[in-house]
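Participant: Give me a 3D structure for the following:
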Amino acid sequence: MDETDSFINEVTEEVRRDKLFAALRKYGWIGVVAALAIVGGAAFNEWSKSKAQAESEAFGDAILAAVQADAPRTAFETISADGARASVVALMAAAEATADDDMQAALAAYRQIAADPATPASLRDLARLKAVIVTGTAMDPAERESELVALAQPGAPYRLLAIEAQANAALAAGDPDQAITLARQILNDAEVTAGLQQRATELIVALGGDPAAK
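Facilitator: Next up, the predicted model:
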């Protein structure tokens, strides 16, 4: 019985081996294709990363060159970009228009950016805030307040800057108490930056308030 069992086991093993070799001959190409796909996918991924990095570096170089140019505004307007990068370029060109005291051009640019649904929400909010600041007291008070209230909502990316703009608007409207209240709100916020903290403190002191008061 032992010899018979051994013979049967050997035959069974040979049958299994033959089936395995037959399967490899029939379906082995699938493994080769899968291996090539994995290698090709990894190579494409590395190429994509390298291409993206090169594009980012080129964009950064173009931005830096524009900033250092004799006519930054013109330089920004010549940069070719798309998507979020185009919005960044437009924002910087609008900032240069503001520096050139061309407020109409700056305001038009900010409003165009803010109205573009393809622009990331954070950049649209920044453009809306810049439009309010550029317009200043020339903007209808109700419209300005509506914009700033929306931009000052919890979780909004420029919430504290919007509150600062509200404080400045309150001061311009002859309401120093409200301006101090808003400035203190900025100081008490855990996310306040050093620069914004300093400006809020200076505003409170200039209006005769105590920055340490709650």
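Participant: low pLDDT regions in this protein?
Facilitator: Low-confidence segments of the chain, defined by pLDDT under 70: 1-48, 51-52, 214.
Participant: Please tell me how far the residue most central in space within the chain sits from Gly195.
Facilitator: Centroid-nearest residue in the chain, with CA atoms, centre = their mean: Ser122, separated by 6.2 Å. Using CB to CB, to the nearest Å, Ser122 is found at 19 Å from Gly195. All C-beta atoms are positioned from the backbone trio N, CA, C, and that covers glycine.
Participant: and what of Ile180?
Facilitator: 19 Å.
Participant: circling back to that earlier point, could you pull up the residues touching the residue nearest to the centre of the chain?
Facilitator: Pro157 (CB atoms under 8 Å, 6 or more residues apart in numbering).
Participant: How far does stretch 186-204 sit from its chain's centre?
Facilitator: 24 Å (CA atoms, centre = their mean, to the nearest Å).
Participant: cool, stretch 117-124 as well?
Facilitator: On CA atoms, centre = their mean, the centre of stretch 117-124 falls 9 Å from the chain's centre.
Participant: Can you give me the buried ones in that stretch?
Facilitator: 119, 123-124 (16 or more other CB atoms under 10 Å).
Participant: Test my guess that Val205 contacts Pro211.
Facilitator: Yes - at 6.5 Å, Val205 and Pro211 qualify as touching, with contact defined as CB atoms under 8 Å.
Participant: Spatially, what comes nearest to Ala152 if we skip its sequence neighbours?
Facilitator: Ala162 (3.9 Å; CB to CB, 6 or more residues apart in numbering).
Participant: what about the one you found, distance to Arg85?
Facilitator: 25 Å.
Participant: what about those two, which has more around it?
Facilitator: Higher neighbour count among Ala162 and Arg85: Ala162, with 23 against 16, using other CB atoms under 10 Å.
Participant: So that one: helix, strand or coil?
Facilitator: When classified by DSSP: H, G, I helix; E, B strand; the rest coil, Ala162 comes out as helix.
Participant: who's in contact with it?
Facilitator: Contacts of Ala162 by CB under 8 Å, 6+ apart are 129, 148, 151-152, 156.
Participant: Among those residues, name the ones in helices.
Facilitator: Among the contacts of Ala162, the ones falling in helices (DSSP state H) are 129, 148, 151.
Participant: Relative to the whole chain's centre, how far out is the helix or strand harbouring Ala170?
Facilitator: Ala170 belongs to helix 159-172 when assigned by DSSP states H and E. In terms of CA atoms, centre = their mean, the centre of helix 159-172 is set 23 Å apart from its chain centre.
Participant: and what of stretch 158-176?
Facilitator: 25 Å.
Participant: residues of that stretch that come out buried?
Facilitator: 158-171, 176.
Participant: repeat for stretch 189-208
Facilitator: Buried residues in stretch 189-208 (16+ other CB under 10 Å): 192, 196-197, 199-201, 203-204.
Participant: Can you name the next helix or strand after the helix or strand in which Ser87 is found?
Facilitator: Element membership for Ser87, per DSSP H and E: helix 83-99. For helix 83-99, the following helix or strand on the C-terminal side (DSSP H and E) is helix 103-115.
Participant: which among the buried residues of stretch 117-124 gets closest to Ala99?
Facilitator: Taking CB to CB as the measure, Ala99 sits nearest to Leu123 out of these, at 19.4 Å.
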